[in-house]
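Engineer: Just the structure for this:
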Amino acid sequence: MALISILSEILQRPTIGGVLGELMLFVAPVWIAVIVGVLVGWAWKPRWANLGKDFLDCPKENPSESPVSSCVGRSSIPSLKLSKLQLTSFISSVANDGAEKEASVVPPTTRTDCSSTEGERELSGLVGEDDLQHMCRLVEVTDGGPAWIHMMDRSTSTMSCQAWRRDPETGPPQYRSRTVFEDATPELVRDFFWDDSFRPKWDDMLIHATTLEECPTTGTLMVQWVRKFPFFCSDREYIIGRRIWESGRMYYCVSKGVPNSVPRRNKPRRVDLYYSSWCIRAVESKKGDGQLSACEVLLFHHEDMGIPWEIAKFGVRQGMWGTVKKIEPGLRAYQKQRSSGSQLSRCAVMAQINTKISMDYLRSVESTVSNSSEIERCDLSEQRPGKNIPKLLVIGGAIVLACSLDRGLLTKAVIFGVARRFAKMGRKL
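Structural biologist: As a prediction, this is how the structure comes out:
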């Protein structure tokens, strides 16, 4: 109403010159703010603005690269993992604007059965003992990294989840979560997260997955995933090595990006830095009956998707609980399917091929660690002084990004919407 009254007073001027003069005075501050925002934004020069369209598309590769070796086998189907935490809320809210993008075309690949001793050794070496030791130290919070900052503590009648984050000096933010499912066995949960053929039923980000190589001796897998990203980003491709170690009824499930010979393409964009691993074990139920009828899942996840880390952290913060809640219905459906006696998928069969380790080995790993991490009880990122993002800086950066990405008005509107939310928050995520 105030804006209407001001415009009404301007239009009531007796001369056209007076009206134009008043209008110029009225819009001048807006144009000054826009110009200052552009200047500040270009001075800031975030790396994703400098990359321009490379923010969306990966560079072309040398066509002389050879494709992955092929051998006798069968194709697998899509998969995901608890790492859907990254940017899920941000992705979902943007995708709901009704925009659609072209689906990335993934050429067919074949599975290699590493039946020879040399092939088994090479594949199993991609996810080896060093990875197991690192995983053990993460579980025991003795890896010597930064302190974990508490982010979330939510629960339902049949599930509870706690989550932490930490920011290393180099690399993307790292996440740690502890989820407990009531009335579930470690073996069922292990197969559930490994079963690529079932995952599309509870994951809406995964659009393609296939097994490239497998080792029937150690259970090691090399898989290719393609995950769906917002309409203004390219889909992301992952080449992941996976392997499971077993100690009693405790399972160390390591999943990470590995070197490979799969040719890169413009789309989907390859994600090289990727780590997502679980420790799955039986724990006492919250029913208080003393029975180990619940299953605990400790997840450790980080990846560099080519998206500014602050935006990724914002998306995780907003969408973590909503994402975790969607996993339990999938687990219960999988539980029901398994209880009906349905045939196991190939991935579920491979999940049951584990490398056995002893408790003495685990204790020896723990004894070699001298530095310990810490777990904070509150999110200290909200209390750090001098870490606020200036509003002008955020808006200026948004202008630069919007101008760099020539993808239409809707894309720019989304970018400015996110920038305004950052500015209103008044703190660094």
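Engineer: so where's the stretch 251-400 of the chain shaky on pLDDT?
Structural biologist: For the stretch 251-400 of the chain, applying pLDDT under 70 flags the ranges 369-374, 376-400.
Engineer: which stretches of it form strands?
Structural biologist: With DSSP state E, counting those that start in this stretch as the criterion, the stretch 251-400 of the chain has strands at 269-271, 274-283, 294-303, 355-356.
Engineer: Let me have these in JSON lines, extended by distance to residue 213.
Structural biologist: C-betas here are computed from N, CA, C, even on glycine. Conversion of those to JSON lines gives the following (distance: least, Cβ to Cβ, whole Å):
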{"stretch": "strand 269-271", "distance to residue 213": "17"}
{"stretch": "strand 274-283", "distance to residue 213": "17"}
{"stretch": "strand 294-303", "distance to residue 213": "21"}
{"stretch": "strand 355-356", "distance to residue 213": "17"}
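Engineer: Would you format those as CSV with mean neighbour count and distance to residue 130 included?
Structural biologist: Formatted as CSV, the strands of the stretch 251-400 of the chain follow (neighbours: other Cβ atoms under 10 Å; distance: least, Cβ to Cβ, whole Å):
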stretch, mean neighbour count, distance to residue 130
strand 269-271, 21, 21
strand 274-283, 22, 13
strand 294-303, 22, 15
strand 355-356, 14, 14
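Engineer: Ok, which of the ones you listed comes nearest residue 194?
Structural biologist: Closest to residue 194 of these, according to Cβ to Cβ: strand 274-283, at 9.6 Å.
Engineer: okay, the angle between that closest one and strand 294-303?
Structural biologist: Using axes from the mean of the first three to the mean of the last three Cα atoms, to 10 degrees, the direction of strand 274-283 lies 170 degrees away from that of strand 294-303.
Engineer: Can you give me the buried ones in stretch 18-32?
Structural biologist: Judged by neighbour count (16 or more other Cβ atoms under 10 Å), stretch 18-32 contains these buried residues: residue 22.
Engineer: Check stretch 208-222 too.
Structural biologist: Neighbour counts over stretch 208-222 (16+ other Cβ under 10 Å) mark 208-215, 218-222 as buried.
Engineer: quick one, which of the strands of the stretch 251-400 of the chain is nearest to residue 183?
Structural biologist: Comparing the strands of the stretch 251-400 of the chain by Cβ to Cβ, strand 294-303 comes nearest, at 7.2 Å.
Engineer: mind listing what the closest one pairs with, with the direction of each?
Structural biologist: Strand pairing for strand 294-303, determined by DSSP bridges: strand 174-181 (antiparallel), strand 274-283 (antiparallel).
Engineer: counting contacts, what elements does the strand of greatest length in the chain pack onto?
Structural biologist: In the chain, assigned by DSSP state E, the strand with the most residues is strand 236-247. Other helices and strands packing on strand 236-247, by 3 or more Cβ pairs under 8 Å, 6 or more residues apart in numbering; DSSP states H and E, are helix 117-126, helix 186-194, strand 221-227, strand 250-257, strand 269-271, strand 355-356, helix 359-367.
Engineer: As CSV, these with distance to residue 146 would be great.
Structural biologist: Formatted as CSV, the helices and strands packed on strand 236-247 follow (distance: least, Cβ to Cβ, whole Å):
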stretch, distance to residue 146
helix 117-126, 27
helix 186-194, 27
strand 221-227, 27
strand 250-257, 20
strand 269-271, 23
strand 355-356, 30
helix 359-367, 20
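Engineer: wait, which of these is closest to residue 325?
Structural biologist: Closest among the helices and strands packed on strand 236-247, using Cβ to Cβ: helix 186-194, at 15.7 Å.
Engineer: hmm, who's touching the closest one?
Structural biologist: 81-82, 181, 198, 242, 244, 249-251, 253, 278, 280-282, 295, 297, 330-331, 334-335, 338, 344, 347-348, 350-352 (Cβ atoms under 8 Å, 6 or more residues apart in numbering).
Engineer: quick check: angle from the next helix-or-strand element following that helix to helix 117-126?
Structural biologist: Remark: after helix 186-194, the chain's next helix or strand is strand 206-214, criterion DSSP states H and E. Here strand 206-214 runs at an angle of 130 degrees relative to helix 117-126 (the same axes, to 10 degrees).
Engineer: Tabulate the CA atom coordinates of strand 206-214 in CSV.
Structural biologist: Only the C-alpha atoms of strand 206-214 are listed here, as CSV (Å, rounded to 0.1, in the frame of the first residue of the first chain):
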residue,chain,number,x,y,z
LEU,A,206,19.0,-42.4,-9.0
ILE,A,207,18.3,-42.7,-12.7
HIS,A,208,21.0,-45.3,-13.7
ALA,A,209,23.2,-47.8,-12.1
THR,A,210,25.1,-50.8,-13.3
THR,A,211,27.8,-53.2,-12.0
LEU,A,212,31.0,-52.8,-14.0
GLU,A,213,33.2,-55.4,-12.2
GLU,A,214,32.7,-57.9,-9.4
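Engineer: which regions of the stretch 101-250 of the chain sit below the pLDDT cut-off?
Structural biologist: 101-117, 119-120, 231.
Engineer: about what we covered before: widest-spaced pair of the buried residues of stretch 208-222?
Structural biologist: 208 and 218 (25.3 Å).
Engineer: Ignoring the adjacent residues along the chain, who's closest to residue 132?
Structural biologist: In this structure, residue 132 finds its nearest non-sequential neighbour in residue 245, 5.3 Å apart by Cβ to Cβ, 6 or more residues apart in numbering.
Engineer: what's the burial count for that neighbour?
Structural biologist: 24 (other Cβ atoms under 10 Å).
Engineer: Cool, thanks, signing off.
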